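1. This is a predicted model, with the sequence first.
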2 protein chains.
Amino acid sequence: METEVIKLLGFWSSPFVFRVEWALKLKGVEFEYIEEDIFNKTNRLLELNPVHKKVPVFVHDQKVIAESFVIIEYIDETWTQNPLLPQDPYQRAMARFWARFAEEKLMDAAWTSIWSKGEQKERAEKETIEALEKIEEQLKGKKYFGVDDKIGYLDISIGWISYWLPIWGEVGSIEILDPKKFPGITAWKTRFLDHPVIRDSLPPRDKMLEYFHKRSQEWYSRFGLSGK
Amino acid sequence: METEVIKLLGFWSSPFVFRVEWALKLKGVEFEYIEEDIFNKTNRLLELNPVHKKVPVFVHDQKVIAESFVIIEYIDETWTQNPLLPQDPYQRAMARFWARFAEEKLMDAAWTSIWSKGEQKERAEKETIEALEKIEEQLKGKKYFGVDDKIGYLDISIGWISYWLPIWGEVGSIEILDPKKFPGITAWKTRFLDHPVIRDSLPPRDKMLEYFHKRSQEWYSRFGLSGK
C-alpha cells in the first residue's frame, strides 16, 4: 500500500492556515507542513494555487484544494472521526452562516479599526463591536460553539478571535474584547486557548505583535489617506 | 400529521433568490414564494433576517436560514433526492470552490464593468474575461458543471451567468459572453436556459433590462465619480 500524501502549505501568522491545521489535528490526521513566503511566492505555491495564489493550500495525494472553508469541509468529509460540523442540517447551516458572518462582517471591520484613524476608525470600531455582540449571543452559556459543548467547525472558523483579535487590538491601541461586554466570548477564548490542540500550535505573541504592527503601518500608508 | 411550512422570501430579479428557487424545484419540493420589496423592507423580513436584512430567506417549520449558499446546502441535506452536490468529497470541494470564485471574482467585476466608465471599466472588463476563462476551463466538454452531465450545485450557483450576465452586458453596451471565446459556457447557457426548471421561472427580459438599467445609473451616480 502506498503512503498517503497529506501536505499543508501555510504561513506562520495566517489565521486561515491555522483553521486548517486545527481541523487536521482535531481529527488526528498526520500531515507535512510546508512554510511558504507569501511576500516572495514560490513556483510551488503558484502552480498549486494558480487561481488565488494564496495559502492555505491542502494537498491530499493527487488532489489539491484551496480556500480554508472549502478545505475544512473536505477534511470533515474525508476523515469522519471527531466530526467538526454537527450532524443536524439546521445546526450545520447555522455553523456555516456564523463562520461566514465573522469572516465578512467582523474580520474586515476589526482589521480596519486597527490601522485606520479618525472617523474611519470610529466607524470600524462600532461595526466590530456590533458583530461581536451577535457572536456573543450565539454562545448563550455554552462552552464551545459546537454541539454537545465540544470544539467544532465554528470554533475553529472563528478561532482567530481568541488570539489574533486581542493582538490586533494591542497593535491598534484599542480594547476590542472587553470582558464585561463579552463574558461569553471571554470565557470561550480562555477555554479555546487552553485546548491542547490549540495551545501547543500558536505562534509566539511577541513575534505576532511585531509582524502585525508592521502590517498595520503598511496598510495605513496604502489606504489610510485615501480613506480606502 | 401537521403540514410542513416551507417558504421562500425573495425579490423577483435577485440571482441569489433564484439559486434557492431552482434548488427547491430540482428537488421537487413544494414551497410558498413571498415577494419582498427590498427598497422598503417589511417587518417580516427584518425579523426573519435581522443580521443581513436581505433576501433570500428560507423558512422550514420553525427554522429560518439566510444566505443563499447556506440555504442550498441545507436543502441538499434535508431533501436528499436528486443530489445537488456530488458525493465524492473532492468533487464537492471543487463545486464549492468554483461557486465562491464566481461570486467573489466574477460577479463584482462584471457588475462594475457595466456601470463604470474609463479606466475603471476597462480594468473590470479585463477581470471579468479572466474569471470567465477560468470557468470555461471547468466545463471541458461537459454538458453541465455537475457530475454525470447532470445539472447540480455549481450550475445553479453560477446560473446567473446564463441570463443575468448577458442582460447586464446589454445594459452596459459590452459583449461579455463572446461565443467564440467561450464556446463551452455558451453551449452550457443554451442548455441551462432550456432546462424545464429554469426555463419556466425566469423573469421577463424587458423588465430585467429596465430594472438593471436603472440600477446601473444609480451605481454610477453613487460610485462612478469617486472611483469607488
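-> Yep, that arrived.
2. Can you get me the start-to-end distance on stretch A:95-112?
-> Stretch A:95-112 stretches 25 Å from its first residue to its last (Cα to Cα, to the nearest Å).
3. now check it, is it near chain B?
-> Yes: using Cβ under 8 Å from any Cβ of the partner chain, stretch A:95-112 reaches chain B at A:96-97, A:100-101. Yep, even glycine has a C-beta here, placed from its N, CA and C like the rest.
4. So which of these sit within helices?
-> The subset of the residues of stretch A:95-112 next to chain B located in helices under the criterion DSSP state H comprises A:96-97, A:100-101.
5. Show me just the buried residues among these.
-> With neighbours counted using 16 or more other Cβ atoms under 10 Å in any protein chain shown, those contain these buried positions: A:96-97, A:101.
6. ok so, going back, which of the ones in helices among the residues of stretch A:95-112 next to chain B sits closest to residue B:66?
-> Sorting these by how near they are to residue B:66, with Cβ to Cβ, puts residue A:97 at the top with 6.8 Å.
7. for the closest one, what are its contacts?
-> Taking Cβ atoms under 8 Å, 6 or more residues apart in numbering or on different chains as the contact definition, residue A:97 lies against B:65-67, B:70.
8. so how far is residue B:64 from it?
-> Using Cβ to Cβ, to the nearest Å, one gets 10 Å for the distance from residue A:97 to residue B:64.
9. The biggest helix by length in chain A: how far from the chain's middle?
-> Looking across chain A with DSSP H, the single longest helix is helix A:118-139. Distance, stretch centre to chain centre, for helix A:118-139: 17 Å (Cα atoms, centre = their mean, to the nearest Å).
10. Can you list the neighbours in contact with that helix?
-> With Cβ under 8 Å, 6+ apart as the contact definition, helix A:118-139 has outside contacts at A:98, A:101-102, A:105-106, A:109-110, A:112-113, A:116, A:145, A:154, A:158, A:161, A:172, A:174, A:176-177, A:181-185, A:188, A:227-228, B:51.
11. So which bits of it are buried?
-> Within helix A:118-139, judged by 16+ other Cβ under 10 Å, the buried ones are A:120-121, A:124-125, A:127-129, A:131-132, A:135-136, A:138-139.
12. Pull that helix out as PDB, backbone CA atoms only.
-> Provided in PDB are the C-alpha atoms of helix A:118-139 (Å, rounded to 0.1, in the frame of the first residue of the first chain):
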ATOM      1  CA  GLY A 118     -10.300  59.300  12.900                       C
ATOM      2  CA  GLU A 119     -13.800  58.800  11.600                       C
ATOM      3  CA  GLN A 120     -12.900  55.700   9.600                       C
ATOM      4  CA  LYS A 121     -11.500  54.100  12.800                       C
ATOM      5  CA  GLU A 122     -14.600  55.000  14.800                       C
ATOM      6  CA  ARG A 123     -16.900  53.600  12.300                       C
ATOM      7  CA  ALA A 124     -14.900  50.300  12.000                       C
ATOM      8  CA  GLU A 125     -14.800  50.000  15.900                       C
ATOM      9  CA  LYS A 126     -18.600  50.400  16.000                       C
ATOM     10  CA  GLU A 127     -19.000  47.700  13.400                       C
ATOM     11  CA  THR A 128     -16.600  45.400  15.200                       C
ATOM     12  CA  ILE A 129     -18.500  45.700  18.500                       C
ATOM     13  CA  GLU A 130     -21.900  45.100  16.800                       C
ATOM     14  CA  ALA A 131     -20.600  42.000  15.000                       C
ATOM     15  CA  LEU A 132     -19.100  40.600  18.300                       C
ATOM     16  CA  GLU A 133     -22.400  41.200  20.100                       C
ATOM     17  CA  LYS A 134     -24.100  38.900  17.600                       C
ATOM     18  CA  ILE A 135     -21.500  36.300  18.100                       C
ATOM     19  CA  GLU A 136     -21.700  36.600  21.900                       C
ATOM     20  CA  GLU A 137     -25.500  35.800  21.600                       C
ATOM     21  CA  GLN A 138     -24.600  32.500  19.800                       C
ATOM     22  CA  LEU A 139     -22.800  31.200  22.800                       C
END
